[in-house]
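Asker: Build me a model from this:
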Amino acid sequence: MGNVSVIGLGNVGRSVATNIVTTGLAERLYVVSRSLEKANGFAIDLTDQSASLGGHTQIMPIASKSMDEILTDTDVAIVTVRKRFK
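Answerer: Numbering: from 1, shown residues only. Below is the predicted model:
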């Protein structure tokens, strides 16, 4: 598969992204969060995991404000966002 975006990095999004990296289903994986810091931290974890498994998935952290840019480069988008709590 080509490029995959996981939008939302809660429990479900993190699980989906981890499985994509573990199984090598994507050449490039965009991890998208409201917080760029959260996306960066998770991307570092996934990169370490991929390297330890001998994987070649390129992980790209993205803040949700710049999603338009990546959706044009995405073959599959997986949306795992939740409704905001009040």
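Asker: So for this structure, which residue is the most central one in space?
Answerer: To find the centre residue of the chain, average its C-alpha atoms and take the closest one (Cα atoms, centre = their mean): that gives residue 31, at 2.2 Å.
Asker: Which residues does that one form beta bridges with?
Answerer: In this structure, residue 31 has the following beta-bridge partners (DSSP bridges): residue 6, residue 61.
Asker: Please give me every residue in contact with it.
Answerer: For residue 31, the contacting residues are 6, 9, 13, 17, 39, 42-43, 46, 59-62, taking Cβ atoms under 8 Å, 6 or more residues apart in numbering as the criterion. Quick note: C-beta positions are derived from backbone N, CA and C, even for glycine.
Asker: Then residue 69?
Answerer: In this structure, residue 69 makes contact with residue 62, judged by Cβ under 8 Å, 6+ apart.
Asker: let's have the chain start at 662 instead
Answerer: Yep, numbering from 662; the last one is residue 730 now.
Asker: any idea which helix or strand comes after the host helix or strand of it?
Answerer: Assigned by DSSP states H and E, residue 730 belongs to helix 728-732. In the C-terminal direction, the helix or strand that comes right after helix 728-732 (DSSP H and E) is strand 737-740.
Asker: now that following strand: how far from the chain's centre is it?
Answerer: Offset of strand 737-740 from its chain centre (Cα atoms, centre = their mean, to the nearest Å): 9 Å.
Asker: Sketch out the low-pLDDT regions of the chain for me.
Answerer: 727-728, 746-747 (pLDDT under 70).
Asker: longest helix of it?
Answerer: In terms of residue count, the longest helix belonging to the chain (DSSP state H) is helix 697-713.
Asker: what residues does that helix touch?
Answerer: Defining contact as Cβ under 8 Å, 6+ apart, one finds that helix 697-713 is touched by 670, 675, 678-679, 682-683, 690, 692-694, 716-718, 720-724.
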